[in-house]
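Participant: Okay, predicted coordinates and the sequence, questions at the end:
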Amino acid sequence: MEREQGATLTHVVVLSFPIQGHINPMLQFSKRLASKGLKVTLLSTKSIVKSMEGQASSVTIEPIADDSGEYPTLETMEAYTKRFKVMFSHSLEDLIERNKSIGYATKLVVYDSILPWALEVAKQHGVGGAPFITQSCTIAAIFYHLFQGRITLPLQVSEVSLPSLPLLRIDDMPSFISQPDLYPLLLRLCVDQFHNFHEVNWVFCSSFDKLEEEVVSWISSQWPIKNIGPTIPSMYLDKRLKDDKNYDLSLFKPNVDACMKWLDLKDTGTVVYVSFGSLAALGEEQMEEVALGLKRSNKYFLWVVRETETKKLPTNFIEETTGRGLVVTWCPQLEVLSHKAVGCFVTHCGWNSTLEALSLGVPLVAMPQWNDQTTTLSLSWMCGRSGLGLRWMTKAWSQEKKLSSVLMRLWEKRGKR
């Protein structure tokens with residue numbers, strides 16, 4: 001971008017928690033900002049920056065100073081976030097000074113809402129801050145009510161009534177709330193994100209108003225919220241950003257050719273696409289139930305089973321389903337969902353996957369695993385508009401029958417997409 005001599009232009013810093021499901025929507029938002037003439041720098045870990053090497057992007061990607069390149073786990077999360085704060089502070093100070101020397105004034109830090117300390121660091125350097133919520137407005141509202149003390153844990157009631165939300169059963173609540181002892185650190189991250197919302201310039205959320213009208217209206221009375229979703233590449237939506245066909249980031253190596261060539265050979269709406277995202281881990285019984293359900297349905301299927309999960313597949317399953325099914329360790333999900341052959345999406349109900357399917361008009365068969373996914377399934381606007389919901393049953397023997405039954409009903413109800 002050309003700059004007149006003496007002019008000062010705006011620089012925005014974006015900071016995401018270093019996992020795929022958080023970086024993707026924040027990177028897409030960064031591209032939108034850059035298309036408006038702003039200079040945008042995404043600060044991330046060395047491992048993330050390395051995975052994006054060679055990608056042409058309007059967004060500058062820089063590694064965080066002193067980053068060891070390690071990947072956070074549940075066991076290391078608390079210590080990791082403390083170090084992350086120190087590393088980010090050093091990097092932000094350096095970025096501000098370097099950009100100032102070339103005529104760019106850093107005006108705003110857009111930070112992952114589960115990293116609320118980023119606002120404190122930004123203000124120390126005289127910069128404004130705006131949290132970015134990577135979940136739905138509904139989930140944000142539920143955790144905000146918990147933060148405000150309107151929900152008491154452990155839950156002692158069978159149903160929870162909250163402003164602007166439908167009546168929620170305990171099983172409909174995020175699993176961090178319905179089972180608070182399972183992941184106490186992650187629950188604390190979800191609650192603590194709100195402690196300085198009263199100091200922020202804006203709150204950005206990866207959703208859109210028409211999807212959650214009532215809750216958005218209520219939240220707007222609490223925070224200066226801006227819905228900026230769906231945060232998926234422009235070529236699948238309004239096509240305003242030239243050549244914006246993918247997220248420019250994949251922490252897993254997709255089997256692009258294998259997936260697309262296989263789909264090209266299938267008729268319209270005949271394939272069941274199955275993926276449980278980048279984090280969810282199914283137990284061996286669950287994996288077997290899905291496998292048997294797919295076999296019983298007698299439908300073509302494309303199933304993403306991450307490399308770390310393949311050992312859980314039933315013995316000889318791949319050999320027994322050759323010709324009707326394709327199992328890959330990762331795939332280009334947007335390309336798959338937009339392919340004419342895909343008739344439905346069996347999903348864990350991760351928020352990004354849900355938005356992608358909604359945006360592309362693909363019916364959902366929902367198999368939530370944890371946290372917000374149970375609530376995403378239960379919301380009437382999701383199940384009613386997009387597909388059929390399916391919960392895990394306590395009796396394992398019935399699950400494969402239920403999956404195959406739902407798939408057959410979906411085909412009968414909706415026909416070919």
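Facilitator: Sure thing, it's come through. Numbers count the residues shown, from 1 in each chain.
Participant: residues of stretch 117-134 that come out buried?
Facilitator: Neighbour-count burial for stretch 117-134, counted by 16 or more other CB atoms under 10 Å, picks out 117-119, 121-122, 127-134. The C-beta positions use only the backbone N, C-alpha and C, and glycine is treated the same way.
Participant: from those residues, which ones fall inside strands?
Facilitator: Taking DSSP state E, the ones among those that sit in strands are Gly128, Gly129, Ala130, Pro131, Phe132, Ile133.
Participant: For Val256, state which of the residues you listed is nearest.
Facilitator: Distances from Val256 to those, taken as CB to CB, are shortest for Phe132 (28.6 Å).
Participant: tell me which residues form a beta bridge with that closest one?
Facilitator: Beta-bridge partners for Phe132, by DSSP bridges, are Asp112, Phe204.
Participant: related to what we said a few turns ago, for the buried residues of stretch 117-134, work out which two are farthest apart.
Facilitator: The widest separation within these (CB to CB) is 21.3 Å, between Val127 and Thr134.
Participant: quick one on the thing from earlier: list just the nearest of the buried residues of stretch 117-134 to Thr152.
Facilitator: Of the buried residues of stretch 117-134, the one sitting nearest to Thr152 (CB to CB) turns out to be Ile133, at 23.4 Å.
Participant: buried set for the longest helix along the chain?
Facilitator: Longest helix in the chain, counting residues (DSSP state H): helix 77-101. Burial within helix 77-101, assessed by neighbour count using 16+ other CB under 10 Å, is assigned to 77, 80-81, 83-84, 87-89, 91-92, 95-96, 99.
Participant: tell me which of those is nearest to Val274?
Facilitator: Nearest to Val274 out of the buried residues of helix 77-101 is Met77 (CB to CB; 28.8 Å).
Participant: hmm, who's touching the longest helix of the chain?
Facilitator: Contact with helix 77-101 is made by 11, 13, 15, 39, 41, 43, 62, 64-67, 70, 72, 105-106, 109, 115, 117-118, 121-122, 124-125, 127, 185-186, 189, as judged by CB atoms under 8 Å, 6 or more residues apart in numbering.
Participant: from those, which ones fall inside strands?
Facilitator: Short answer: the contacts of helix 77-101 in strands (DSSP E) are His11, Val13, Leu15, Lys39, Thr41, Leu43, Glu62, Ala105, Thr106, Val109.
Participant: Can you add pLDDT, neighbour count and distance to Arg32 and give those residues back as JSON lines?
Facilitator: Listed next are these as JSON lines, based on pLDDT from 0 to 100; neighbours: other CB atoms under 10 Å; distance: CB to CB, whole Å:
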{"residue": "His11", "pLDDT": "94", "neighbour count": "23", "distance to Arg32": "16"}
{"residue": "Val13", "pLDDT": "95", "neighbour count": "29", "distance to Arg32": "15"}
{"residue": "Leu15", "pLDDT": "93", "neighbour count": "25", "distance to Arg32": "17"}
{"residue": "Lys39", "pLDDT": "94", "neighbour count": "22", "distance to Arg32": "14"}
{"residue": "Thr41", "pLDDT": "94", "neighbour count": "23", "distance to Arg32": "15"}
{"residue": "Leu43", "pLDDT": "90", "neighbour count": "25", "distance to Arg32": "18"}
{"residue": "Glu62", "pLDDT": "88", "neighbour count": "15", "distance to Arg32": "19"}
{"residue": "Ala105", "pLDDT": "91", "neighbour count": "14", "distance to Arg32": "20"}
{"residue": "Thr106", "pLDDT": "93", "neighbour count": "23", "distance to Arg32": "18"}
{"residue": "Val109", "pLDDT": "95", "neighbour count": "26", "distance to Arg32": "17"}
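Participant: Just confirm Leu377 contacts Pro368, I think it does.
Facilitator: Yes - contact between Leu377 and Pro368 holds when scored by CB atoms under 8 Å: they sit 4.7 Å apart.
Participant: Next, count neighbours for Leu251.
Facilitator: Per other CB atoms under 10 Å, the neighbour tally for Leu251 reads 14.
Participant: and it, what does it touch?
Facilitator: Contact analysis of Leu251 by CB under 8 Å, 6+ apart lists Gln20, Ile48, Ser51, Ser278.
Participant: go again using 10 Å as the cut-off
Facilitator: Pro18, Ile19, Gln20, Ile23, Ser47, Ile48, Ser51, Tyr71, Ser278, Trp330 (CB atoms under 10 Å, 6 or more residues apart in numbering).
Participant: what does stretch 155-166 contact?
Facilitator: Outside stretch 155-166, the residues that touch it by CB under 10 Å, 6+ apart are 137-138, 141-142, 144-146, 150-151, 167-173, 177-180, 212-219, 221-222, 375, 378-381.
Participant: please redo it, this time with the cut-off set to 8 Å
Facilitator: 138, 141-142, 145, 150-151, 167-170, 173, 177-178, 214-215, 217-219, 379-380.
Participant: Now do the buried residues in it.
Facilitator: Leu155, Val160, Leu162, Ser164, Leu165.
Participant: how about the last one, secondary structure?
Facilitator: Here Leu165 takes the coil state, with states given by DSSP: H, G, I helix; E, B strand; the rest coil.
Participant: Likewise for the third one?
Facilitator: At Leu162, secondary structure determined by three-state DSSP is coil.
Participant: Give me the phi and psi for it.
Facilitator: Dihedral angles of Leu162 (phi, psi; degrees, to the nearest 10) stand at phi -130, psi 150.
Participant: how far away is it from Ile139?
Facilitator: According to CB to CB, to the nearest Å, Leu162 and Ile139 sit 12 Å apart.
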